[in-house]
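Engineer: Sequence first, then the predicted structure, then my questions.
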Amino acid sequence: MGKGQIVAGCIAPHPPHLVYAENPPQNEPVAEGGWEQLRWGYERLRASLSEHDYDAIVLLSPHWQTYVGTHFLGLPHFEGLSVDPIFPNLFRYHYDMNVDVELAQAIHDEAAKAGLPVKMMENPDFRVDYGTITTGHLFNPDWDKPLVVISSNRSTAYYSVEVMQEIMIELGKVTRKAIEASGKRVVVLASNSLSHRHFTTESEVPEDMSKEHITSHAMHLWDMRMIDYMRSGQAQRILDEMPEFTEQAIAESDGGGLSWLLSTLDVPDYPAILHGYGTIIGTGNAVVEWPCYAHEVNDE
Amino acid sequence: MSQGEIVASYVVPVHPHTVLAPDQNAGWRRLRDAFDEAAQTIRDLDADLLIIYSTTWPSIIGHQIQADPNPEWVMVDHDFHDLGSIPYSFNIDADFAHAWNEANKQRGLQSRCVNYKGFPIDVGSVVALTLLNPDNSIPAVIVSSNMYANRSETTVLAKSCLDVIKAQGRRAVAITAMSLSNRMFTDFIQPEEDKIHSLKDDEWNRKILEFLEQGRLEDVGQLSRTIHRQIRVQKVVAFKPMWWLSAMNGNRNDLTGRILAYEAIHGAGGAVVHIDPTSTGVGDKEYDEDDVEYFHGERGVLEGAEESEKDAIQNTNAGADSTDESTASDSGPALWDPTEAKGSVNTDAAPKPVGAYPHARKVGDMLFLSGVGPRQPGTNAIPGGPIHDENGEPLEYDIKAQTHAVVNNVKRIVEEAGATMDQVVDVTTFLVDMKRDFAGYNEVWAETLGKVGPTRTTLAIDALPTPIAVEMKVIVHMPE
């Protein structure tokens, strides 16, 4: 078995509005479009990755929130109906997905060895969170790749962004180690918005794009600052400024996904590709790809 | 029909251990026994409605109210999935849910009902309904906890709920599904190792319970922000369920409290507390926070400046607190203090008159109300929006919201006189746009005064003194 490889790393948003706007057959509500900039961003990401074969997607979702350790989906197959508890008018999606339990177990075991509290989720009645489903659909609408789904440990809420980063950087390192040991080609994906201050009202037609904009200038400045770091290969600065970004932009990075992703990618110093940016009910969202395939040193 | 009242209130813990693993830990068993005792008490009280405010159902777009008459699914906790699954099939009072939703809008709140198959009912609500209503014999309603709501919004949410309880004559139980201290152990523990996470958390929990046992619910409400800072993980919601529960009980400090159990659940503070509305007789204590009736907070971020302008128009006549007999505004008619004469009935709970007249006048066993519109007491805001701006340019407005507000204002004046709405015998209604508004007005009428049965005359008129669409002239017969 050859050495496993991370093909690409991505940050991509999960508001249900994007799936709603796509009108896939799995989703019950029907929309008249909307949020095209981000949906086209997802299209460009899919096109970019279509040229590179991979075996599995490793995804961390901030909507599977665990306060006691980090959890991994631990059964090979899940199907059911995912209804967003906040926007049930937009997202009622019939999902059917496969899990790479072997890789999930391997990351779990490496994390346990590193001293992180971890658990495999093996209850067949478990309903997969809508963040996973949304990102899973937009990233791979055919659902033809197995996923590894990692919960979001809420250590920011319990302690601080700094403590969260310590945990997530460690989780990233063991994720990378387990992937390399698996011999598989993997895409790692942080399901994550950037600034995260919502509107508290919804327009009568949710997809009315004349109502959509960032909630404040300050949020825009923070989003652009982070995107600039991504595009210029300054991942370390993102990690360095994560406490201020998370606090001042009320950023969804509090869930640890972005820190975990950058650690898994070994804090890349090469430019990421921005496929799209847009707002969803006032929050800032970007579709970004770190093209590891172009920068991996082949040591086989 | 009875007046409608809160017959009991409860604080209950949210985690699934009490349902799925009560015998793995003696403390969890004591919590479960307390749940069972509470369930029996609720049955003995002959309650006909359970109202759950759940901290484990956060919302962003205002408050959401469950309105699926029979939600069914299998709940698995995100953290404690290894304890097992909780299948549920609940009995939800959809009519109450819709009425509460409308009442919320009447009081300026952003609100909506949800009724979707497979909607994921949160763990706190599932635990509470499973244990407090095991045979589903009592209909329930569940409301979310809005992550952006402040105290005034949460208080108004309770008041709109009370509006419906009174209107429907319900015997309701108010329940908050919540932890006290909510810091859990961040690592896995054996059941027998469970304890409150820290001494500080335990001391605060015991102080909260001491207050509750003394019936000082409002004091706990006023300590809410401090409690949140001291012993709460900064999750989505603050310690706001106590704001809601206090408002559901009239913001009182003379209630009768009883602690049924207090134990740790994976480090968090879990308590089952029964609060009886009976006064302890020791005298109420001071209530010094704003007692808001209508929510005017920031909710119009989508509209930007446009909405701000609308607010300004709605509030054109606000700020009429003046020592003068009347107060002129920039664009609306002057506001007057209601006049006093023999038999006059006036109340601060109704909008100020626009001339020298009382809200009502009693003659013998008859009560005659002056024309009543939808303006809100204190602020003069018009629920549903004004019908035109200060330049006379027409605006979109909601006739149903205006009509509801008129009926509520009528009710306040009638009750100030010591009468009840079922004593209303005759109503004359004035509409400024019969063609546009009759159907909506008629619908609200059927839901409210139509159930009382007064005679009615509806007239189309050219205009009313303020930018409103509907006004009612009411006569009440109130025999001694």
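Structural biologist: Great, that's in hand.

Engineer: Point out the other helices and strands that the longest strand seen in chain A packs with.
Structural biologist: Identified as the longest strand of chain A according to DSSP state E is strand A:56-66. Strand A:56-66 is packed against helix A:101-113, helix A:130-139, strand A:147-153, strand A:185-191, helix A:257-264, with contacts defined by 3 or more Cβ pairs under 8 Å, 6 or more residues apart in numbering or on different chains; DSSP states H and E. Just so you know, the C-beta spots here come from the backbone N, C-alpha and C atoms, and that holds for glycine as well.

Engineer: Stretch B:244-257 spans what distance, first to last residue?
Structural biologist: Start and end residues of stretch B:244-257 are separated by 17 Å (Cα to Cα, to the nearest Å).

Engineer: Tell me which other helices or strands whichever helix or strand A:P243 is part of touches.
Structural biologist: Element membership of A:P243, judged by DSSP states H and E, is helix A:235-248. Counting contacts by 3+ Cβ pairs under 8 Å, 6+ apart, helix A:235-248 packs against helix A:161-182, helix A:217-231, helix A:257-264.

Engineer: Relative to B:L209, which of these is closest?
Structural biologist: Among the helices and strands packed on helix A:235-248, helix A:161-182 comes nearest to B:L209, with 30.4 Å by Cβ to Cβ.

Engineer: If you count neighbours, what's buried in that closest one?
Structural biologist: For helix A:161-182, burial by neighbour count (16 or more other Cβ atoms under 10 Å in any protein chain shown) applies to A:161, A:164-165, A:167-179, A:182.

Engineer: B:R225 is in contact with B:K240, isn't it?
Structural biologist: No: the criterion here is Cβ atoms under 8 Å, and B:R225 misses it with B:K240 at 9.3 Å.

Engineer: where does B:A261 land in three-state SS?
Structural biologist: Secondary structure, DSSP: H, G, I helix; E, B strand; the rest coil: B:A261 is strand.

Engineer: what's near enough to touch it?
Structural biologist: B:R30, B:L31, B:D33, B:A34, B:G270, B:A271, B:V272 (Cβ atoms under 8 Å, 6 or more residues apart in numbering or on different chains).

Engineer: Any of these buried? List them.
Structural biologist: B:R30, B:L31, B:A34, B:G270, B:A271, B:V272.

Engineer: Of those, which belong to strands?
Structural biologist: Per DSSP E, the subset of the buried ones among the contacts of B:A261 in strands is B:G270, B:A271, B:V272.

Engineer: mind showing which ranges of the chain have poor pLDDT?
Structural biologist: In the absence of a named chain, chain A is used. A:297-300 (pLDDT under 70).

Engineer: nope, chain B please
Structural biologist: Judged by pLDDT under 70, chain B has its weakly predicted residues at B:1-2, B:235-238, B:283-290, B:297-332.

Engineer: Without its sequence neighbours, what residue ends up closest to the residue most central in space within chain B?
Structural biologist: In chain B, the C-alpha nearest the mean C-alpha coordinate belongs to B:A158, at 2.1 Å (Cα atoms, centre = their mean). Spatially, and ignoring its direct neighbours in sequence, B:A158 is nearest to B:A247 (3.4 Å; Cβ to Cβ, 6 or more residues apart in numbering or on different chains).

Engineer: Contact partners for the one you found?
Structural biologist: B:A247 makes contact with B:T154, B:T155, B:L157, B:A158, B:K159, B:G221, according to Cβ under 8 Å, 6+ apart.

Engineer: a strand runs through it, doesn't it?
Structural biologist: No: counting by three-state DSSP, B:A247 is not found in a strand; it is helix.

Engineer: Send over the helix holding A:P243 as CSV, restricted to the C-alpha atoms.
Structural biologist: Coordinates of each C-alpha in helix A:235-248 appear next as CSV, following Å, rounded to 0.1, in the frame of the first residue of the first chain:
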residue,chain,number,x,y,z
ALA,A,235,-2.4,30.2,6.4
GLN,A,236,-0.3,30.8,9.5
ARG,A,237,-1.6,34.4,9.8
ILE,A,238,-5.1,33.0,9.7
LEU,A,239,-4.3,30.8,12.7
ASP,A,240,-2.6,33.7,14.4
GLU,A,241,-5.5,36.0,14.1
MET,A,242,-8.2,33.4,14.7
PRO,A,243,-9.1,34.6,18.2
GLU,A,244,-9.7,38.2,17.0
PHE,A,245,-11.5,37.0,13.8
THR,A,246,-13.7,34.6,15.7
GLU,A,247,-14.7,37.2,18.3
GLN,A,248,-15.1,40.3,16.2
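
Engineer: Please identify the helix or strand for the residue nearest to A:E207 when sequence neighbours are not counted.
Structural biologist: In this structure, A:E207 finds its nearest non-sequential neighbour in A:G34, 3.0 Å apart by Cβ to Cβ, 6+ apart. Under the criterion DSSP H and E, no helix or strand holds A:G34.

Engineer: Quick check: A:G34 touching A:E22?
Structural biologist: No: using Cβ under 8 Å as the test, A:G34 is too far from A:E22 to be in contact (9.6 Å).
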